[in-house]
Every structure is written in C-alpha cells, then in structure tokens.
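Asks: just the structure for this:
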Amino acid sequence: MSKNKSTICVWYDKDAEEAATFYASVFPNSKVNAVHKAPTDYPSGKKGDVITVDFTVAGIPYIGLNGGPIFKHNEAFSICIATDDQAETDKYWNAIVGNGGQESACGWCKDKWGISWQITPRVLTDAMAKGGEDAQRAFTAMMDMKKIDVAKIEKAVRG
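Replies: Predicted coordinates for the structure are as follows:
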C-alpha cells in the first residue's frame, strides 16, 4: 500500500495492472510502483491474482483495486490532465481514445477501462479563471468541442 497520507483508489474489474502500465507509458512523472497479489482466494479472484497496484500518474499517487465487476465507473470521477499546447493535448487524448477509449464532450474522454479523463489545455482553464467576457467566449467555444482545439480557444479569448 502507498505510504502517502491520502491516495486515490480506483476500482477495476481485473485490469488494474494493465491500466497502470498504460498510464505510466503515456504520462510523464508516472510509473507502476508496486503490484500486490492476493494472499488467499477472495469473492472475485484467487490466491496469487493481482489485487492492488500502487501507481503514480503525473505525480499523483493511486491504488488500482481489482475488485471485480460489481461497480462500474461513471463521469462523477475523472482524472484531469492540464496540457500546455495542442501537441500535448493531442498526445494524451489520442493515447487514451486510441487505446480502446471513447471521445466525449468538452475535453472529456474515457479510457478502455471506463475511467473518465479531462484533457484540458491551460489556455482554457486560464480563460475561465479570468472570468468575464474572456471566460464566456472560451466556454461557448468549448461547448462545441470534443477534444479541445487550442487555436479556437485562443481565438475566442481574443474576441
């Protein structure tokens, strides 16, 4: 288990190790820290099956729990990744969607395990933080997007 005081635990059916390995291959400052196997049989698995995976995504600690198919993911939980430009936005979006994921709206997508991600360029969050007309124009432009288009957000902010 993680030694951090607070760690995000994400429930997977049975693919926590595969998911963690994928995330570590895509995002900087990410890695699989430890894989723990079940010491005995349990309701959705057997002794020796991977039960938890300690991993880091962009410097944030997570525990992946292979808990079986009883709980499903939804958009009430998402992992937010801030990007600096279109190339970085494209890289992460395309990695998630291209690995069996699916597009959604306004910078959201899901990975193949059903985890929701927000791939959000800083130009958008900066505009929203400014408030006023800049935020309104950026927000209006974003509403028509799936993957965020940095140039269109920048144009909207300029008016």
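
Asks: any idea how far the residue nearest to residue 143 when sequence neighbours are not counted lies from residue 148?
Replies: Once flanking residues are discounted, residue 143 sits nearest to residue 106: 6.6 Å by Cβ to Cβ, 6 or more residues apart in numbering. For glycine as for every other residue, the C-beta is placed from the backbone atoms N, C-alpha and C. In this view, residue 106 and residue 148 are 8 Å apart by Cβ to Cβ, to the nearest Å.

Asks: of these two, who's got more company?
Replies: More crowded of residue 106 and residue 148, by other Cβ atoms under 10 Å: residue 148, with 24 against 15.

Asks: please name the residues that touch the more buried one.
Replies: 89, 106-107, 119-121, 124, 142 (Cβ atoms under 8 Å, 6 or more residues apart in numbering).

Asks: who does the host helix or strand of residue 35 pair up with?
Replies: Taking DSSP states H and E as the definition, residue 35 sits inside strand 31-37. Sheet pairing of strand 31-37 (DSSP bridges) gives strand 50-57 (antiparallel).

Asks: could you check the angle the helix or strand following the partner strand makes with strand 31-37?
Replies: The C-terminal neighbour of strand 50-57 among helices and strands, as given by DSSP H and E, is strand 60-66. Between the axis of strand 60-66 and that of strand 31-37 there is an angle of 30 degrees, by axes from the mean of the first three to the mean of the last three Cα atoms, to 10 degrees.

Asks: coming back round to it: now the contacts of residue 148: which count as buried?
Replies: With burial judged by 16 or more other Cβ atoms under 10 Å, the buried subset of those is 89, 107, 119-121, 124, 142.

Asks: out of those residues, flag the one nearest to residue 95.
Replies: residue 119 (9.5 Å; Cβ to Cβ).
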